[in-house]
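Visitor: Fold the following and give me the result.
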Amino acid sequence: MRSIRPALTGTVFVAENAGTIGRRLHVGLSCHPSENPGYTGYTGTQRTGSRGMATTNLDPVLTAFERRPESLIPLLQAVQERLGYLPPDVLGTVSRHARVPRSRVYGVASFYSQFRFNPVGRHRVAVCRGTACHVGGARFILEQLERTLGILEGQTTEDMEYSLETVACIGCCGLAPCISVNNEVSAKLTPKKVRKKFRKARK
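Guide: Sure thing, here's the model as predicted:
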């Protein structure tokens with residue numbers, strides 16, 4: 001499977017369903033919708049991030065993009081910017097507007113790590129799984145976080161306070177193992193330090 005960094009444009013291969021290589025999509029992959037084809041002026045709104053939130057009126061988002069397949073990725077970016085994540089029912093709406101199969105929408109959204117299907121908590125906890133952190137015991141840090149927060153990787157606590165995820169590298173290899181909480185790095189961690197830090201925060 002061939003992929004391209006999000007800041008570039010080009011041809012991308014995505015899986016439309018399990019075990020199948022998807023069709024080629026010639027799409028713009030800039031991290032901001034305005035730099036992609038099909039964009040006509042949506043500038044985004046503040047996300048709410050509420051777990052029980054019904055899909056809000058997406059008309060301002062949809063009308064900012066042309067009804068063509070090339071709009072798919074920037075449209076997904078704009079929808080996520082508005083809602084904070086991509087609810088399952090929204091994928092059908094995006095599918096109809098971009099005039100592509102729902103399976104392709106899901107294939108693209110699940111292929112790129114920038115997209116998420118679950119709400120994000122107020123505190124986004126990212127565990128580095130780079131080489132230095134892996135050697136330093138990142139797996140044990142993640143396991144301790146899962147026990148302390150009561151969630152698994154990729155989940156959000158019921159009170160919407162914490163989301164837990166892993167990232168390829170935080171860029172602080174000399175401080176391994178480390179995590180970031182809303183981009184603030186905590187370094188040279190141990191399971192004991194993690195337990196103390198987050199138990200105190202959860203009280």
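Visitor: just the helices in this structure please.
Guide: 59-62, 72-83, 88-98, 102-111, 131-135, 138-149, 191-202 (DSSP state H).
Visitor: Figure out which of those helices is closest to Arg124.
Guide: Arg124 sits nearest to helix 138-149 of all the helices of the chain, at 12.1 Å, using CB to CB. For glycine as for every other residue, the C-beta is placed from the backbone atoms N, C-alpha and C.
Visitor: helices or strands next to that closest one in the packing?
Guide: strand 123-128, strand 162-167, helix 191-202 (3 or more CB pairs under 8 Å, 6 or more residues apart in numbering; DSSP states H and E).
Visitor: Going by contacts, tell me the helices and strands next to the longest one.
Guide: In other words, helix 191-202. Going by 3+ CB pairs under 8 Å, 6+ apart, helix 191-202 lies up against helix 138-149.
Visitor: Around Glu153, how many other residues sit close by?
Guide: By other CB atoms under 10 Å, 14 other residues sit near Glu153.
Visitor: How about His134?
Guide: 13.
Visitor: now the helices of the chain in JSON lines, with mean pLDDT?
Guide: Output for the helices of the chain, formatted as JSON lines (pLDDT from 0 to 100):
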{"stretch": "helix 59-62", "mean pLDDT": "91"}
{"stretch": "helix 72-83", "mean pLDDT": "93"}
{"stretch": "helix 88-98", "mean pLDDT": "94"}
{"stretch": "helix 102-111", "mean pLDDT": "94"}
{"stretch": "helix 131-135", "mean pLDDT": "96"}
{"stretch": "helix 138-149", "mean pLDDT": "96"}
{"stretch": "helix 191-202", "mean pLDDT": "88"}
